[in-house]
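Visitor: Return atomic coordinates for the entry below.
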Amino acid sequence: MAEPRFECVGARVDPYAASPTLVLRLRITDDAPGGVHVIALRCQIRIEPARRRYTATEAELLADVFGAVARWGETLKAIQLATLSTMVPGFTGTTEVDLPVPCGYDLEVAAGKYFAALDEGEIPLLLLFSGTVFARADRGFAVTPVPWDREARYRLPVALWQELIDLYFPGTGWLRLRHETLRSLLRYKSARAVATWDEAVERLLEEAGPGGGP
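Guide: Prediction:
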């Protein structure tokens with residue numbers, strides 16, 4: 001009976017994707033004597049924030065996600081990153097395949113806030129696998145589910161995430177604002193003859209006083 005085992009052995013940035021995309025490299029091993037014909041694979045990816053340490057600056061920025069550090073024993077829960085599907089071509093023994101992971105840059109989503117708060121180190125990922133294995137048998141194919149306990153962990157370098165974002169949004173970030181807020185900001189910018197949106201926000205932060213500056 002087919003019982004695939006999974007490892008995540010690497011990651012890279014896809015420089016040619018239409019939107020920010022990381023590519024995880026999966027190694028799949030299966031000892032089925034006749035080999036595997038195909039796997040209809042599903043993968044759920046979670047961030048495990050409790051599996052790393054944080055600097056004081058990172059902890060301050062993560063308060064919007066997990067609350068005060070004193071409560072992190074209760075609030076530092078896994079964050080859903082993505083649920084993906086892919087087809088793994090036939091193989092015997094071991095194979096490696098790419099798993100593209102689309103990555104948005106939405107600072108209203110927990111995963112986006114988490115990534116944006118990190119300066120260095122690694123991001124602990126948990127990959128949970130499911131799906132269907134079509135294995136070669138004496139009479140045609142044997143169809144079995146991927147065992148429910150199949151999983152893998154990978155520590156994604158923060159530097160790789162930063163490389164991805166810098167590739168698609170060089171030196172910038174994005175915030176989604178309500179129409180009313182944008183119109184108010186436009187009035188503020190026009191009234192003061194401010195040249196750019198960046199400068200308008202910087203002036204507002206300076207006017208906010210201590211703790212409000214960049």
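Visitor: what about the strands in the chain?
Guide: 5-13, 21-30, 36-47, 79-91, 93-102, 122-137, 140-145, 151-157 (DSSP state E).
Visitor: mean pLDDT for those: which is lowest?
Guide: Sorting the strands of the chain by mean pLDDT places strand 140-145 lowest, at a mean of 85.
Visitor: quick one: contacts of that one?
Guide: With contacts defined as Cβ atoms under 8 Å, 6 or more residues apart in numbering, strand 140-145 is touched by 1-2, 37, 130-136. Placement of C-beta: from N, CA and C, glycine included.
Visitor: want to try a markdown table for the strands of the chain, with mean neighbour count and distance to Trp174 as columns?
Guide: Output for the strands of the chain, formatted as a markdown table (neighbours: other Cβ atoms under 10 Å; distance: least, Cβ to Cβ, whole Å):
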| stretch | mean neighbour count | distance to Trp174 |
| --- | --- | --- |
| strand 5-13 | 16 | 18 |
| strand 21-30 | 18 | 17 |
| strand 36-47 | 20 | 20 |
| strand 79-91 | 15 | 18 |
| strand 93-102 | 15 | 16 |
| strand 122-137 | 18 | 20 |
| strand 140-145 | 13 | 40 |
| strand 151-157 | 16 | 21 |
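Visitor: Same list (the ones you listed) but as JSON lines, adding distance to Gly173.
Guide: Converted to JSON lines, those look like this (distance: least, Cβ to Cβ, whole Å):
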{"stretch": "strand 5-13", "distance to Gly173": "17"}
{"stretch": "strand 21-30", "distance to Gly173": "18"}
{"stretch": "strand 36-47", "distance to Gly173": "19"}
{"stretch": "strand 79-91", "distance to Gly173": "19"}
{"stretch": "strand 93-102", "distance to Gly173": "18"}
{"stretch": "strand 122-137", "distance to Gly173": "18"}
{"stretch": "strand 140-145", "distance to Gly173": "41"}
{"stretch": "strand 151-157", "distance to Gly173": "19"}
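Visitor: Test my guess that Lys189 contacts Asp198.
Guide: No - here Lys189 does not reach Asp198: they are 10.4 Å apart, not a contact under Cβ atoms under 8 Å.
Visitor: tell me what the lengthiest helix in the chain is packed against?
Guide: In the chain, taking DSSP state H as the definition, the longest helix is helix 179-191. The contact analysis (3 or more Cβ pairs under 8 Å, 6 or more residues apart in numbering; DSSP states H and E) places helix 179-191 against helix 197-207.
Visitor: Give me the mean pLDDT for the helix it packs on.
Guide: If you average the pLDDT over helix 197-207, you get 88.
Visitor: which residue is nearest the middle of this structure?
Guide: Nearest to the geometric centre of the chain sits Leu81, at 4.9 Å (Cα atoms, centre = their mean).
Visitor: how far out from the middle of the chain is stretch 24-43?
Guide: With Cα atoms, centre = their mean, to the nearest Å as the basis, stretch 24-43 stands 23 Å off its chain's centre.
Visitor: And the chain, what are its domain boundaries?
Guide: 5-168, 178-214 (automatic domain parsing).
Visitor: Mind checking which of Lys189 and Asp198 has more residues around it?
Guide: Neighbour count, other Cβ atoms under 10 Å: between Lys189 and Asp198, Lys189 has more, with 18 against 11.
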